[in-house]
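Asker: how would this look folded up:
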Amino acid sequence: MATTTTTQKTPTTPAPKAEKKAVAARELTVYAMDGKKVSTIALPPEIFGAPWRADLVHQVTTGMQANARQNRAHTKDRAEVSGGGKKPWRQKGTGQARHGSSRSPIWRHGGVTFGPRNERDYSEKINRKMRAGALASVLSRKAKDGEIILVDKFHFAAPKTAEAKGSLVALAKEASVAKLVTKRKNAALLATAAYDANTLKSFKNLSSIATEEVRNLNPVDLLSHTYLIIENPEVAFKTLIARVKNV
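Answerer: Take a look at the predicted model:
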């Protein structure tokens with residue numbers, strides 16, 4: 001009589017799960033107005049660690065552009081054009097087609113059918129969380145692409161375009177971003193921590209540089225310029241964090 005032997009399988013312990021490694025915050029150099037390196041600062045992950053969401057950014061930017069659209073195109077319909085109060089000819093007996101007004105759309109100088117009207121509303125609703133998420137996504141993408149330049153302080157005793165241009169040349173050389181001075185249009189967006197009339201007027205005559213306060217940054221302006229220059233990053237980061245978190 002044949003005997004069967006059974007082999008017992010030893011239980012295998014499951015492989016340990018891969019531990020998540022803590023990613024250190026990325027640090028950027030903070031430059032002085034003359035291009036000298038002052039210090040380094042860590043980029044807050046709240047605003048510079050968001051994933052790139054192209055769908056969200058597209059929806060928010062197109063909505064903002066629609067909200068800024070000025071509807072000026074307007075055509076007159078048959079009730080708005082001048083003339084046409086009298087019937088052109090009697091209804092019957094002339095052998096011609098019957099008409100009630102010379103301002104009909106089929107007549108020359110008549111009203112326009114289905115033409116553009118200034119009553120049309122192009123505005124779109126953008127939720128606050130969507131706006132904040134798109135802003136963080138664009139800022140994170142610019143940080144990843146190396147398109148953010150940090151400056152501790154811009155100080156001008158009086159509005160001087162020459163000093164502003166010299167500062168850009170120094171920053172471009174030290175940070176190795178030649179496009180900052182060679183690009184003719186939309187080279188950089190300068191975000192100041194607070195309103196400073198002398199700084200804004202100094203950069204006003206430079207066609208490739210736009211200025212805005214940090215509290216007013218939006219995805220459309222950021223995507224319209226190659227580089228983002230942030231003044232006084234410690235204060236600016238607190239303002240951006242408040243905008244992203246307090247929604």
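
Asker: If you count neighbours, what's buried in the top helix by length along the chain?
Answerer: Within the chain, and with DSSP state H defining each element, the longest helix by residue count is helix 128-144. Of the residues in helix 128-144, 130-143 count as buried by neighbour count, 16 or more other CB atoms under 10 Å. C-beta here means a position set from N, CA and C on the backbone, and glycine is covered the same way.

Asker: from the residues you listed, which is closest to residue 161?
Answerer: Top of the list for closeness to residue 161, among those and by CB to CB, is residue 142 at 26.0 Å.

Asker: State the distance from that closest one to residue 48.
Answerer: Residue 142 sits 9 Å away from residue 48, taking CB to CB, to the nearest Å as the criterion.

Asker: Next: residue 212.
Answerer: Taking CB to CB, one finds residue 212 at 18 Å from residue 48.

Asker: Of those two, which one has the most company?
Answerer: Under the criterion of other CB atoms under 10 Å, the comparison of residue 212 against residue 48 puts residue 48 first, with 21 against 16.

Asker: Surely that one is in contact with residue 139?
Answerer: Yes - with contacts defined as CB atoms under 8 Å, residue 48 counts as touching residue 139 at a distance of 5.8 Å.

Asker: Identify the residue nearest residue 32 in space, chain neighbours excluded?
Answerer: Residue nearest to residue 32 in three dimensions, not counting chain neighbours: residue 38, with 5.1 Å by CB to CB, 6 or more residues apart in numbering.

Asker: same check, this time on residue 193
Answerer: In space, residue 193 comes closest to residue 232 once its chain neighbours are excluded; the distance is 3.8 Å by CB to CB, 6+ apart.

Asker: Kindly report the same for residue 62.
Answerer: What sits nearest to residue 62 in space, not counting adjacent residues and going by CB to CB, 6+ apart, is residue 124, at 7.8 Å.
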